[in-house]
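>>> attaching a predicted model along with its sequence, questions to come.
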Amino acid sequence: MIYKIILKILVILLLTISIKAQGANKATESSSKDENIIKLLNLVRAYDIPESVVNDIINSYKAMLPAVDSTYWQSLRKEADIDGAIKKLVPVYDKIFTEKEIKELIEFFETPTGKKWVATFGEANDEVIKIFEKWSGEVFKKLNDKMIRDGYVNQPTTIDE
């Protein structure tokens, strides 16, 4: 009887240790994935956006308060916690991509083509937006004109901008 109790305690102890070890492995895997996501965000220059926002805010204050010492602006920049902003993106990427996909993206963005994509994305995106803005206006007019001809609309409608 005492042997059965000791055996049950031993089994429970081993199961507890096993479950804790699995949890530790998942935490390590998650930590590794998180680190890779941060690496990916660095490669795609995700830091550029919050840095630009902070620069704009500080430059606005500098224009209003030119007598303030430059060391104050540096301390203010640290308060912005750009790293904290980037870390808020980690769960988004964690939810969307597997660790394997994150590693594949890192490999791509470390290639010359990946680096070129990052370097030219903003410029290309600006042009794409202009093209789609023009196209959407043309399509809206075309569809609106058809609805007028077909009697569904009595007068030209405008897009609220």
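Looks like it arrived, so ask away.

>>> touching, residue 50 and residue 84? I think so.
No: counting by C-beta atoms under 8 Å, residue 84 is not a contact partner of residue 50; they are 9.2 Å apart. (C-beta placed from N, C-alpha, C; glycine too.)

>>> neighbour count for these two, which is higher?
Neighbour count, other C-beta atoms under 10 Å: between residue 50 and residue 84, residue 50 has more, with 18 against 9.

>>> list the contacts of the more buried one.
By C-beta atoms under 8 Å, 6 or more residues apart in numbering, the contact set of residue 50 is 80, 82, 85, 86.

>>> got a markdown table for the residues you listed, with secondary structure too?
Below are the contacts of residue 50 laid out as a markdown table (DSSP: H, G, I helix; E, B strand; the rest coil):
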| residue | secondary structure |
| --- | --- |
| 80 | coil |
| 82 | helix |
| 85 | helix |
| 86 | helix |
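
>>> can you give me how far stretch 125-136 is from the chain middle?
Put simply, stretch 125-136 sits 23 Å off its chain's centre (C-alpha atoms, centre = their mean, to the nearest Å).

>>> repeat that for stretch 147-158.
42 Å.

>>> tell me the mean pLDDT over it?
What stretch 147-158 shows for mean pLDDT is 82.

>>> and for it, what's in contact with it?
With C-beta under 8 Å, 6+ apart, stretch 147-158 has contacts from 144, 145.

>>> the nearest residue to residue 44 once chain neighbours are set aside - how many residues pack around it?
Among residues not flanking residue 44 along the chain, residue 118 sits closest, at 5.6 Å (C-beta to C-beta, 6 or more residues apart in numbering). Residues within reach of residue 118, counting by other C-beta under 10 Å, total 15.

>>> report pLDDT for residue 118.
93.

>>> contact partners for it?
43, 44, 45, 109.

>>> how about low-confidence regions in the protein?
Along the chain, the parts satisfying pLDDT under 70 run over 1-30, 159-161.

>>> what sits against the residue sitting nearest the centre point of it?
By C-alpha atoms, centre = their mean, the mean C-alpha position of the chain lies nearest to residue 89, the distance being 4.5 Å. Taking C-beta under 8 Å, 6+ apart as the criterion, residue 89 is in contact with 37, 41, 46.

>>> neighbour-wise, give me the winner out of those.
Result: residue 37 is most packed of these (other C-beta under 10 Å), 24 neighbours.

>>> next secondary structure after the host helix or strand of that residue?
Using DSSP states H and E, residue 37 sits in helix 2-43. Sequence order places helix 48-64 as the next helix or strand after helix 2-43, per DSSP H and E.
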